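Please work out how this folds:
(2 chains)
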2 protein chains.
Amino acid sequence: MSEIEKKFRKLETDNAPGQEVRQAAKLEDGYLKGESLEGQRVDFSHGDVDAHEPTPGAFDEFSAGVMRGGSQAYTEYRGALDIRDELAPRLADFTGADVDARDGLIITPGTQGALFLAIASTVSRGDKVAIVQPDYFANRKLVTFFDGEIVPVQLRYGEAETDEAGLDLEELEAAFQSGVKLFLFSNPNNPAGVVYSPEEVSRIAALAEQYGATVIVDQLYSRLRYEGVTYTHLRAVSTASENVVTIMGPSKTESLSGYRLGVAFGSKTIINRMEKLQAIVSLRAAGYSQAVLKTWFNEPEGWMEERIARHQAIRDDLVALFRGIPGCTLRVPQAGSYLFARLPELTVAPGDFIKALRLQAGVIVTPGTEFSPHCADSIRLNFSQDHAASVAAIERLATLVQRYRA
Amino acid sequence: MSEIEKKFRKLETDNAPGQEVRQAAKLEDGYLKGESLEGQRVDFSHGDVDAHEPTPGAFDEFSAGVMRGGSQAYTEYRGALDIRDELAPRLADFTGADVDARDGLIITPGTQGALFLAIASTVSRGDKVAIVQPDYFANRKLVTFFDGEIVPVQLRYGEAETDEAGLDLEELEAAFQSGVKLFLFSNPNNPAGVVYSPEEVSRIAALAEQYGATVIVDQLYSRLRYEGVTYTHLRAVSTASENVVTIMGPSKTESLSGYRLGVAFGSKTIINRMEKLQAIVSLRAAGYSQAVLKTWFNEPEGWMEERIARHQAIRDDLVALFRGIPGCTLRVPQAGSYLFARLPELTVAPGDFIKALRLQAGVIVTPGTEFSPHCADSIRLNFSQDHAASVAAIERLATLVQRYRA
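Predicted coordinates for the structure are as follows:
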């Protein structure tokens, strides 16, 4: 096998959210038990932007961008300056630390684009990178793609107190001691939906400073926070601001994924590299789409509160249903719209159960192995769905767990 | 300097089209001669989509995509299947060889996105890659970014017959003999606007097959062809179809750059890798934007003919103006909207003349060194501009050439 074949072998997307469509439905699967369960198909691999619609005014801003013509189509690679000027103070206000519109902020094609550029701008061949297990599956793939060496740090979310995420801070320090110069994590955690405590975030900042490491923090879901949760922005507690890059975007909570928008802000050195790379990766985030960011952190009064309340109500119903399945465990998500549930022992392999769920119950979930090699018995669900349909889907899931229980 | 600093040092974008805005206007420039010239500013670094508007119906298709909601926002990473199904036969018809909608076609964030993914999917550290001098500046940067070794092949466009591009085919064969496994070129050539003859294209195909090499051909401008030009699609004359990837997009001729759309088609192995990589680079081309491709190769009757005629008229006027500047040479572009003109000897360095052009005449051009180290005395202009404004701009350029002539 050639070098390039080996490299791409590590980037398998067969189990990635939304790619099920490329798997042939195998009718020969002999292990399927019982009849199919009727009900509306629910794809928990990503949010349903029809059930939770894009921010009001987003399309109008896009249309206005098209009308502006060339100046909106051809922006700087890092995005239009007037939009960066609008965004910077809002992001500073939200995160509690200054954002430099000219040199410290880049608009990217989605949060995925920001992550890609940030990692490409900080990881060289052989560099040690600490990543959390479990965490967003692309983190691992990105580090591997750039020939970095992954140093895993465990997130003991299941055993932690309800007001902390459960990061193994000793393991993180050992990672830094072993030569790690980049730490990459999502807060709230994807997939577990837990939020790092002020103490955890402060300790991460202190360790990174002590060991001269860079931290990339993916805060994609940091606006969708449920009752009683304290959220700490790493950049607000870090004094080494040139070593911190924060990534956010309006694809999830704001349902704007179809426009492909994200931002990265913080370290000017890294943002500058990211722009150079963006120039050869995709030039810029789609020019007209960038105009949609005018609606971001600028939603109508009460809109975000209502969005959070609706998600909290779905969360509560689904958590109750999962807790009603004997042997199933999960932590109540503190933020975001992911549920990460551990299933009881089954008679079939987890991957086969997930396929049975899809074929027999019309329920699509993402396997835990996408997030950590230690999470094979867990599944991730994005519960930003139609409320009633998602409740019915979890009832079908519960039926199938019973059917396949060991 | 760290490895990563060295790597990004090679990706400088200061002279890249459209990035002038990030250069501070240096008032201390002592070399400026004479007064500024009045006139409408023309940015020849990219096309003017206000002068040549996006394809009719593009915005309507985008809007319809937004209305479709989630199904359009969340497509497969390689793009929506229904759109690929529509595009494949049109692309096959245009290029003269089958296109497999399911496995042999990917929708990308612009043609730049397609180039990035294609090169990342074929170049490993240390691989030798043949690229043309001059050619699109990102080609060189992309190969360098992936630690490939560039083997230059000269395009003697200035000395060639008017019905050929002037590729040094002996140099290309020597490159393959030296171990090159990838050849990357644009046809029509960016920046020179010349089209490879049927003989040149057939010879490229034959050599690639003989040496088992992959060819990535950037045909971004292959629809905008002027009177009397014969265009040969590499994929139509190649029998090793798994070794050819063709890249196109509607950003230029169709003025749809603001939507960030491109496609790559051909080799299933490479397209498959490109999708895996897309999953971690930016997930997908913006979902709603993908819908705009429904207008592509599907324009109203006569629309393309008129677009070509308008560009041919601008081309002819600008070529005449350049030929009126003593010592200035250029070939008449056969396709696309780039002019690549060689300037006479000047009293200032080419980079300083380009800056003077911008500061004193409001004329922005791209330096030839972006395309080849041997083209320091040339400048590239994208003449997809307002006709009258571009004529006036070249008259100002002619005045400045006289002013700074050696």
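
so where's chain A uncertain?
Within chain A, the ranges that satisfy pLDDT under 70 run A:21, A:23-29.

where do the strands sit along it?
Under the criterion DSSP state E, chain A carries strands at the ranges A:42-43, A:105-108, A:128-133, A:149-154, A:182-186, A:214-218, A:244-248, A:262-266, A:329-330, A:338-342, A:363-364, A:366-367, A:378-382.

Can you add mean neighbour count and distance to chain B and give those strands back as a markdown table?
In this view, the C-beta of every residue, glycine as well, is placed from N, C-alpha and C. As requested, the strands of chain A are exported to a markdown table (neighbours: other C-beta atoms under 10 Å in any protein chain shown; distance: least, C-beta to the nearest C-beta, whole Å):
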| stretch | mean neighbour count | distance to chain B |
| --- | --- | --- |
| strand A:42-43 | 24 | 8 |
| strand A:105-108 | 28 | 8 |
| strand A:128-133 | 23 | 12 |
| strand A:149-154 | 18 | 14 |
| strand A:182-186 | 25 | 10 |
| strand A:214-218 | 26 | 10 |
| strand A:244-248 | 27 | 13 |
| strand A:262-266 | 28 | 9 |
| strand A:329-330 | 18 | 25 |
| strand A:338-342 | 24 | 16 |
| strand A:363-364 | 24 | 12 |
| strand A:366-367 | 22 | 13 |
| strand A:378-382 | 25 | 11 |
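
Which one of these lies nearest to residue B:370?
The closest of the strands of chain A to residue B:370 is strand A:105-108. By C-beta to C-beta, the value is 22.0 Å.

For residue A:391, give me its contacts.
Going by C-beta atoms under 8 Å, 6 or more residues apart in numbering or on different chains, residue A:391 touches A:314, A:317, A:318, A:321.

Go through the residues you listed and say which is closest to chain B.
residue A:314 (16.3 Å; C-beta to the nearest C-beta).

Mind checking which of the contacts of residue A:391 are in helices?
Mapping the contacts of residue A:391 onto helices (DSSP state H) picks out A:314, A:317, A:318, A:321.

What is the most widely separated pair among these?
Greatest spatial distance among the ones in helices among the contacts of residue A:391 (C-beta to C-beta): A:314 and A:321, at 10.7 Å.

between those two, who's got more neighbours?
Neighbours per residue, other C-beta atoms under 10 Å in any protein chain shown: of residue A:314 and residue A:321, the larger number sits with residue A:314, 21 against 18.

For the residue in the stretch 201-350 of chain A that chain B sits nearest to, list the residues it contacts.
Per C-beta to the nearest C-beta, residue A:258 is where the stretch 201-350 of chain A lies closest to chain B, at 3.2 Å. Each residue near residue A:258 by C-beta under 8 Å, 6+ apart is listed here: A:49, A:54, B:65, B:66, B:72, B:73, B:74, B:286, B:287, B:288.

Thought residue B:290 was touching the third one, still the case?
To tie it back to what came earlier, the one meant is residue B:65. Yes: contact between residue B:65 and residue B:290 holds when scored by C-beta atoms under 8 Å: they sit 7.0 Å apart.

Pull the number of nearby residues for the nearest residue to residue A:326 once chain neighbours are set aside.
Excluding the flanking residues, the one nearest residue A:326 by C-beta to C-beta, 6 or more residues apart in numbering or on different chains is residue A:344, at 6.6 Å. Look at residue A:344: counted by other C-beta under 10 Å, it has 15 neighbours.

I'd guessed residue A:344 sits against residue A:404; true?
No: counting by C-beta under 8 Å, residue A:344 stays clear of residue A:404, with 9.6 Å between them.

Roughly how far does the nearest residue to residue A:375 once chain neighbours are set aside sit from residue A:340?
Spatial nearest neighbour of residue A:375, excluding adjacent residues (C-beta to C-beta, 6+ apart): residue A:368 at 3.3 Å. Remark: distance between residue A:368 and residue A:340 (C-beta to C-beta, to the nearest Å) = 7 Å.

Which neighbours do these two have in common?
Common contacts of residue A:368 and residue A:340 (C-beta under 8 Å, 6+ apart): A:134, A:191, A:375, A:378, A:379, A:380.

and chain A, what are its domains?
For chain A, automatic domain parsing gives the domain ranges A:3-53+A:302-404, A:58-295.

how much space between the residue nearest the centre of chain A and chain B?
Centroid check for chain A by C-alpha atoms, centre = their mean gives residue A:190 as the closest residue, at 5.1 Å. When distance is defined by C-beta to the nearest C-beta, to the nearest Å, residue A:190 is 14 Å away from chain B.

For the stretch 101-250 of chain A, what lies in contact range of chain B?
Residues of the stretch 101-250 of chain A lying near chain B by C-beta under 8 Å from any C-beta of the partner chain: A:108-110, A:112-113, A:115-116, A:121-125, A:138, A:141-142, A:145.

Taking these together, which two end up most distant?
Maximum pairwise distance among those (C-beta to C-beta): 26.0 Å, between A:110 and A:125.

Who has more neighbours out of those two?
Shown here are residue A:110 and residue A:125; by other C-beta under 10 Å, residue A:110 has more neighbours (26 against 13).

quick one: contacts for the more buried one?
Applying C-beta under 8 Å, 6+ apart to residue A:110 gives the contacts A:249, A:251, A:257, A:260, A:261, A:262, A:285, B:282, B:283.

Can you add distance to residue A:17 and give those residues back as CSV?
Below are those laid out as CSV (distance: C-beta to C-beta, whole Å):
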residue, distance to residue A:17
A:249, 16
A:251, 12
A:257, 11
A:260, 16
A:261, 18
A:262, 17
A:285, 21
B:282, 15
B:283, 10
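
Turn the contacts of residue A:258 into a markdown table, including distance to residue A:163 and neighbour count.
Output for those, formatted as a markdown table (distance: C-beta to C-beta, whole Å; neighbours: other C-beta atoms under 10 Å in any protein chain shown):
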| residue | distance to residue A:163 | neighbour count |
| --- | --- | --- |
| A:49 | 31 | 23 |
| A:54 | 33 | 23 |
| B:65 | 43 | 24 |
| B:66 | 40 | 19 |
| B:72 | 40 | 23 |
| B:73 | 35 | 27 |
| B:74 | 34 | 21 |
| B:286 | 38 | 31 |
| B:287 | 37 | 25 |
| B:288 | 40 | 31 |
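
In this model residue B:11 seems to touch residue A:275, though I could be wrong.
No: here residue A:275 does not reach residue B:11: they are 9.4 Å apart, not a contact under C-beta under 8 Å.

between these two, who's got more neighbours?
The residue with more neighbours, out of residue A:275 and residue B:11, is residue A:275; 26 against 20, by other C-beta under 10 Å.

Now do the same contact list for the residue nearest to that one when sequence neighbours are not counted.
Spatially, and ignoring its direct neighbours in sequence, residue A:275 is nearest to residue A:78 (4.3 Å; C-beta to C-beta, 6+ apart). The contact partners of residue A:78, taken as C-beta under 8 Å, 6+ apart, are A:84, A:105, A:106, A:107, A:271, A:274, A:275, A:278, A:284.

Over to residue A:213?
The contact partners of residue A:213, taken as C-beta under 8 Å, 6+ apart, are A:176, A:180, A:181, A:182, A:183, A:207, A:243.

give me that answer again for 7 Å
Shown in contact with residue A:213 (C-beta atoms under 7 Å, 6 or more residues apart in numbering or on different chains): A:176, A:180, A:181, A:182, A:183, A:243.

what residues are up against the closest residue to it other than its chain neighbours?
Nearest residue to residue A:213, sequence neighbours excluded (C-beta to C-beta, 6+ apart): residue A:181, at 5.1 Å. Residue A:181 is in contact with A:127, A:128, A:213, A:214, counting by C-beta under 7 Å, 6+ apart.

re earlier: which one of the contacts of residue A:110 sits in the busiest neighbourhood?
Result: residue A:285 is most packed of the contacts of residue A:110 (other C-beta under 10 Å), 34 neighbours.

Hmm, residue A:378 and the residue nearest to residue A:375 touching each other?
Yes: contact between residue A:368 and residue A:378 holds when scored by C-beta atoms under 7 Å: they sit 3.4 Å apart.
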